[in-house]
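Student: model this:
(chains A and B)
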2 protein chains.
Amino acid sequence: MYQNRNLFEKYVTKDEIELMHEYTLKVLSEVGVIIESDIAVETFKKHGARVEGQKIFIDEDLLKKALSTAPKEFDIYSPSGKITLGESAPTICAGPVAPTTIQDFAKKIYRPANLKDVEEYYILQETSAVINMPTHACQNTDDLDKSGDDFHTPQVAMGLKYCQKPIYQGNTITPINYKKGSLVEANRKLIKLHQEFYDIWDKPVTMSNCCVLSPLAIGGEVVDTIIAAAEENQPVVIIACSMTNLTSPPSLAGAIVQDNANILAGIALAQLIKPRVGTVYGSVTSPTDMRTVQLATGSPEAVLMQLGLTAMGRYYNLPVRSGVSATTAIDLDFQCGAESMMTLITGMLGKTDFILNAAGSYGGYNLGSLEKFVLDEENIAYLRRLNEGLNITEKKLNFDLIKKTGPRGNYLSGRTPQDYRQEHYLSKVYVREGGSPIDIIEKNGDLVARARKIINERLESYQLPDVTTTQKKILNKYLPEGYKYEL
Amino acid sequence: MYQNRNLFEKYVTKDEIELMHEYTLKVLSEVGVIIESDIAVETFKKHGARVEGQKIFIDEDLLKKALSTAPKEFDIYSPSGKITLGESAPTICAGPVAPTTIQDFAKKIYRPANLKDVEEYYILQETSAVINMPTHACQNTDDLDKSGDDFHTPQVAMGLKYCQKPIYQGNTITPINYKKGSLVEANRKLIKLHQEFYDIWDKPVTMSNCCVLSPLAIGGEVVDTIIAAAEENQPVVIIACSMTNLTSPPSLAGAIVQDNANILAGIALAQLIKPRVGTVYGSVTSPTDMRTVQLATGSPEAVLMQLGLTAMGRYYNLPVRSGVSATTAIDLDFQCGAESMMTLITGMLGKTDFILNAAGSYGGYNLGSLEKFVLDEENIAYLRRLNEGLNITEKKLNFDLIKKTGPRGNYLSGRTPQDYRQEHYLSKVYVREGGSPIDIIEKNGDLVARARKIINERLESYQLPDVTTTQKKILNKYLPEGYKYEL
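Tutor: Sure, this is the predicted structure:
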């Protein structure tokens, strides 16, 4: 079984969790949550919620009833097999949501993302040893044909072309890229395309990001996603990303309570629409830096609030999304590495069950590079190793070897021992050589060059998944020009 | 009281600690430890240890007796007041041990350290909000006059000139820089100089790093330091920095047991010489990367072994040194930030009581820059904030404010609330601005430039501590040319 070290237990006590739960009930029953959808409001009303316009009030009984059907764990299927989301499974790491600006190291510029970047992000995610779930990189890039009513599906089709792993939908459908009908329909179409392409009809085949509108609301587009996904029995992640002193209270504890109420309202909605559908409890809530009024995604307060919200998600026995590799750094510098590492701790050691943006984005989610993706992979590998922990058994204590070697002896032997090979993770990209820095750089390049070497190897050796002509035809209806299969 | 989250409890169970203790006793009584000092061997013999040449064997009774006098906490005094080392006190962070190569960003070169660097490192340590204990930066730089028998004391004198905080002795005295007598004498002279300059005679005024010689030995120079310090009632840190599969067994658990035996032998020696002298249990043991046969100071296995050894130190009720801001990176890049942050976790969240090299070194301890020092300070500030934790009380839940603001409301008000100011740490150096990366860099510089701005402000506003003419004369006997006080 995967080790869950429940790091949050070192930060939140049971009594504090009970206190936050109690106040969450007060928020849900006395303050209410605005749900921008008549269908959703009617659903709550039908189940006995008090309603004032679009504001719904949930009491303890209704909350209990709604949560009682939420699964503790669930699976998502794709051609590469299935992944499990839940407390007993390893953390599922997903790629970045649509960095709109790319740091281009070859040209030494920052530039808008294009379809080539989208393709390469998919390939890196598909070939990653640590990213389990690629994220739909739906950036609506400048070079995408936007003349039609629906330029969302072409981007989804690209993900399906390049990736056999199950794909995450990161807030991708909007009235901008899907103009021809309701977003409920758009989401249904998205799901159907996955089902058809995979030929998997009776199981979850994707998962959607549903970000609540803090404070205490769920916007219309997001409700449409929840409704469509739930009706099609596809799991949803209800996620809060509020900002202290702006869209949540100035205190970290206050932000946790408010977000908890908001997230639970979304989960309740999904469960009332479709009992037993997969619902993930999520938070990437972060503090506001009031000097710049920016979301400080890589800050210690972000880690603290996410640990607090992880504790609440576990309290309700829900799969939890939290943690991220986040930073407001704008280069692959010391800050970028430090903040990305610190914010991964919540998820990788916490542990949580799902981490979005686990690799490949920075600059407060707006900036991306494949180099950052590869370096984040290394941080994930480091923390996976850390989470594996020590293996302390009589045999592993190596007493006989210690005795044989003796004081001032040497353990170096002809063959590298099994204990060493089993217990040491050898970094693929980080500098581990000794000696003169100049010599090291001359021989193997700087860190960005080392990352680029790995990227190029993966891009060059990547081969498109082997799919049938029928499958190719399904996607060719949507794939952008230049990315269609040759038939 | 300072919060100790005992992170190691998530990694090592009580049974595992007992098992490692049991095998440590076997190592101490069956394998033995070489102590390269006749005085030390005689001391053990006098207390009933079995002895074979320089190899001593410690049984359970002798170990218990020696440890029974070791204090759980102790204080160190200097003109700036006192610091406390122990479980109930905040982690004491100390500066770097002598980086011999400096990354010079102004000149874009790596170059040998010189006395000007030594001076500036002292000033940054003295003016640091997070470094409590400067470390003697005894690099024997090229521009130091080495014609005399003792060019160690001139370097010590520089530390005393620039710093009022208590100063750490990091393996500074060697037969190279002190040629005229025994190292026991040299250490006594060092301590006397502190006592005389401070005019503090009856209390600990410094602390010495005593690194054991793995496997299972303590070298002559280090024994001399232990003997002199203990006799003068000055605390010592007995520290292991073994390398898996080279100077310690190939398994992490084996390395912990071997190091534990070695450290305990050093602590026993100090306590047998001077019962109740301050003795710190220390480890920065790290894995060997067998591809390069280098110490992987910034690796996850280093964190795991240090967590395991922290658990053992706590088991014996000793103050613990472990954790570090360590990396094998050779630039202030992503790896540098990520590894430095990860390896600080053991100490800052662990917590341990003392962290050496908490700021300012990289490249496997060989490389340094003031810029790294300032960036490490920021990581320490981040982890301090993280360790403070959440403040979850009814009042802090901000329920009335949540109710008043309501769904879709806005928390932004005219004044920044007290809750915000109390709970948010605002980074002094890390990028927190939004918008175009190019605009941000044009306005405030890149991260290295931001760090340099802080360095220059501190160097420019620094003023030498106000000392008496008598004190000046004490140091002028030793200070290098160009660094003497004007009288």
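Student: all helices for the stretch 1-150 of chain A, in order.
Tutor: Assigned by DSSP state H, counting those that start in this stretch, the helices in the stretch 1-150 of chain A fall at A:14-26, A:38-46, A:60-68, A:115-126.
Student: which SSE is the residue of the stretch 151-300 of chain A found nearest chain B in?
Tutor: For the stretch 151-300 of chain A and chain B, the shortest gap (CB to the nearest CB) falls at A:Gly254, measuring 3.0 Å. Backbone N, C-alpha and C define where each C-beta goes, glycine included. Assessed by DSSP states H and E, A:Gly254 sits inside helix A:252-273.
Student: give me the nearest residue to the residue nearest to the spatial centre of chain A, chain neighbours excluded.
Tutor: With distances taken as CA atoms, centre = their mean, A:Leu356 lies nearest the centre of chain A, 1.2 Å away. Leaving aside its sequence neighbours, A:Leu356 sits nearest to A:Ala94 (CB to CB, 6 or more residues apart in numbering or on different chains; 4.8 Å).
Student: and that neighbour, how many neighbours?
Tutor: 26 (other CB atoms under 10 Å in any protein chain shown).
Student: ok, it touching A:Asn357?
Tutor: Yes - contact criterion CB atoms under 8 Å: A:Ala94 and A:Asn357 qualify, at 7.5 Å.
Student: circling back to that earlier point, what distance separates the helix holding A:Gly254 from the centre of its chain?
Tutor: Per CA atoms, centre = their mean, to the nearest Å, the displacement of helix A:252-273 from the mean C-alpha position of its chain is 18 Å.
Student: using CSV, write out every CA atom in it.
Tutor: Extracted in CSV, the C-alpha atoms of helix A:252-273 (Å, rounded to 0.1, in the frame of the first residue of the first chain):
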residue,chain,number,x,y,z
LEU,A,252,-5.9,31.8,6.9
ALA,A,253,-8.4,29.9,9.2
GLY,A,254,-11.2,32.1,7.9
ALA,A,255,-10.2,31.3,4.3
ILE,A,256,-10.3,27.6,5.0
VAL,A,257,-13.8,27.7,6.5
GLN,A,258,-15.2,29.8,3.6
ASP,A,259,-13.6,27.6,1.0
ASN,A,260,-14.7,24.5,2.8
ALA,A,261,-18.3,25.6,2.6
ASN,A,262,-17.9,26.6,-1.1
ILE,A,263,-16.3,23.3,-2.1
LEU,A,264,-18.9,21.2,-0.1
ALA,A,265,-21.7,23.0,-1.9
GLY,A,266,-20.2,22.0,-5.3
ILE,A,267,-19.7,18.4,-4.2
ALA,A,268,-23.2,18.3,-2.8
LEU,A,269,-24.6,19.5,-6.1
ALA,A,270,-22.8,16.7,-8.1
GLN,A,271,-23.9,14.1,-5.7
LEU,A,272,-27.5,15.2,-5.7
ILE,A,273,-27.5,15.2,-9.5
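Student: any idea of the angle it forms with helix A:14-26?
Tutor: 60 degrees (axes from the mean of the first three to the mean of the last three CA atoms, to 10 degrees).
Student: mind listing the shared neighbours of A:Ala94 and A:Asn357?
Tutor: Common contact partners of A:Ala94 and A:Asn357 (CB atoms under 8 Å, 6 or more residues apart in numbering or on different chains): A:Thr135.
Student: stretch A:285-292 - what's its average pLDDT?
Tutor: Averaged over stretch A:285-292, pLDDT sits at 96.
Student: what's it in contact with?
Tutor: Residues from elsewhere that reach stretch A:285-292 (CB under 8 Å, 6+ apart): A:240-246, A:248, A:252, A:255-256, A:259, A:294-297, A:299, A:301-302, A:305-306, A:309, A:326, B:416, B:420, B:424, B:426-427, B:432-434.
Student: burial of the spatially closest residue to A:Ile402 that is not a sequence neighbour, as a residue count?
Tutor: Distances taken as CB to CB, 6+ apart place B:Gln258 nearest to A:Ile402, at 5.4 Å, with adjacent residues excluded. As a burial measure, B:Gln258 scores 31 neighbours (other CB under 10 Å).
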